[in-house]
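Trainee: I'll drop the sequence and a predicted model, then ask my questions.
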Amino acid sequence: MTKDGQLVIELGERAALARAVAHFKKGANTSVGSGDDAAVIRLSGPEFVVTTDTMIEGHDFRHEFSSGFDLGYKGSCDKRRGCLCDGSQARGACGGNDGY
C-alpha cells in the first residue's frame, strides 16, 4: 500500500496512524474517538471499547518461529494488555487473517 509514493512501512507507525485517524469522524455514539489503540462507543447500555491492530511479519513475528495459533494468541494477548493498561476490561475477541 502506498500513499504519495511512500510505503506505509516507510512512514512508520505513528505517521501512518496520524494519516489514517485524520479521516475518522467522531460520531454521536463515540465517547472517546480513535487514538493509537482504541475508541470508546455507546450504542445502548454501557459503553464499550473497540480496538484493532495488525502484526507485521519480520517486525512483530517470524513464520519460522510462530504457528498460526501462536500468532492469534499473541495478538489477542497484546490487545487485552492494551485494554487493561487503558483501564478497560476485555470481555470478548474476534479475529481474521488475510489468507495465511
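Mentor: In hand now; what should we look at?

Trainee: where exactly do the strands run in this structure?
Mentor: Taking DSSP state E as the criterion, the chain carries its strands at 2-3, 6-7, 30-32, 38-41, 48-51.

Trainee: contacting residues for the closest residue to Arg80 other than its chain neighbours?
Mentor: Among residues not flanking Arg80 along the chain, Ala90 sits closest, at 4.2 Å (C-beta to C-beta, 6 or more residues apart in numbering). (Glycine included, C-beta is placed from N, CA and C.) Residues in contact with Ala90 (C-beta atoms under 8 Å, 6 or more residues apart in numbering) are 79-80, 83-84.

Trainee: Which of the residues you listed fall within helices?
Mentor: Residues of the contacts of Ala90 located in helices (DSSP state H): 79-80, 83-84.

Trainee: nearest to Gly12, of those residues?
Mentor: Lys79 (20.7 Å; C-beta to C-beta).

Trainee: Out of the contacts of Ala90, which two sit at the greatest distance?
Mentor: Greatest spatial distance among the contacts of Ala90 (C-beta to C-beta): Lys79 and Leu84, at 9.8 Å.

Trainee: So which of the two has more stuff around it?
Mentor: The neighbour count for Lys79 versus Leu84, taken as other C-beta atoms under 10 Å, is higher for Lys79 (19 against 11).

Trainee: I figured the more buried one hits Asp53, correct?
Mentor: Yes: Lys79 is within contact range of Asp53, at 6.2 Å (criterion: C-beta atoms under 8 Å).

Trainee: Quick check: Met55 vs Arg42, distance?
Mentor: 29 Å (C-beta to C-beta, to the nearest Å).

Trainee: Let me know whether Gly75 touches Thr52 as I believe.
Mentor: No: judged on C-beta under 8 Å, Gly75 makes no contact with Thr52 at a distance of 10.0 Å.

Trainee: Neighbour count: those two, which is higher?
Mentor: Taking neighbours as other C-beta under 10 Å, Gly75 and Thr52 compare with Gly75 leading, 18 against 11.
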